[in-house]
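> below is the sequence, then the predicted model.
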Amino acid sequence: MTALMAITSTTLIAQTTAPATASAKRAAAGAPMASTVPVKLPKLWHSEGSKHDFRVEVTNDLFKAEWVNLPPVPAKQGAYIRTECRRAGPKWVGTSKLKMVFAVSNAPPGQDTKLCELTVRFEVDSISTEKIAGYSETLKDFDVNTCKVRSSKWAEFAWTPKK
């Protein structure tokens, strides 16, 4: 999963490309869309893009994921990524709530990081025993000093079972 960050919980940015457009293009091209959940999915999944591991739980109408391999320092500071999506036709649509540590440029030691809370839109388009794929909102321009997103974009993600 690419960096899962964008929209702040208090600021909504409407000038983003809707994932439905990407989904519609994939559907029109014959790309697989989520339809049924396999009976037995692995519990742990890995994002090669972010190097994060996620504990995943899927039912017919709910998809949940939580980041499980947090580095010790951010974990002590309360960092997390928690995703929850509801079934919407052939896919799952929802948000990821995250608390992440960001580097602050030109700050003195001890003040060179900041913990920011964000909410990003998240869409799971396909699930199989080999891959979970979809789109997540990601940061294009972010002000770490105020924890405000200036702009965001949609990015594809793919997770594979943790070996």
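Received, thanks.
> pairing partners for the helix or strand hosting Cys116, with directions?
Taking DSSP states H and E as the criterion, the element that holds Cys116 is strand 113-127. Strand pairing for strand 113-127, using DSSP bridges, gives strand 91-103 (antiparallel), strand 132-143 (antiparallel).
> and among the ones you listed, the most buried is which?
strand 132-143 (a mean of 21; mean count of other CB atoms under 10 Å). Bear in mind the C-beta positions are built from the backbone N, C-alpha and C, glycine included.
> for it, the distance to its chain's centre please.
7 Å (CA atoms, centre = their mean, to the nearest Å).
> still on that earlier bit, hey, C-alpha coordinates of the strand holding Cys116 in PDB?
Taking C-alpha atoms only, strand 113-127 is exported to PDB below (Å, rounded to 0.1, in the frame of the first residue of the first chain):
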ATOM      1  CA  THR A 113       8.800  15.100  14.300                       C
ATOM      2  CA  LYS A 114       5.100  15.700  14.700                       C
ATOM      3  CA  LEU A 115       2.200  13.300  15.300                       C
ATOM      4  CA  CYS A 116      -0.700  14.000  12.900                       C
ATOM      5  CA  GLU A 117      -4.200  12.400  12.700                       C
ATOM      6  CA  LEU A 118      -5.700  12.000   9.300                       C
ATOM      7  CA  THR A 119      -8.600  10.300   7.600                       C
ATOM      8  CA  VAL A 120      -8.200   9.100   4.000                       C
ATOM      9  CA  ARG A 121     -10.700   7.500   1.600                       C
ATOM     10  CA  PHE A 122     -10.000   3.800   0.800                       C
ATOM     11  CA  GLU A 123     -11.500   1.400  -1.700                       C
ATOM     12  CA  VAL A 124     -11.000  -2.300  -2.000                       C
ATOM     13  CA  ASP A 125     -11.800  -3.400  -5.600                       C
ATOM     14  CA  SER A 126     -10.800  -7.100  -5.500                       C
ATOM     15  CA  ILE A 127     -10.000  -9.700  -2.900                       C
END
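> helix, strand, or coil at the residue of the chain most remote from its centre?
If you look at how far each residue of the chain sits from its centre, by CA atoms, centre = their mean, the farthest one is Pro108, at 30.7 Å. State at Pro108, reduced to three classes by DSSP: H, G, I helix; E, B strand; the rest coil: coil.
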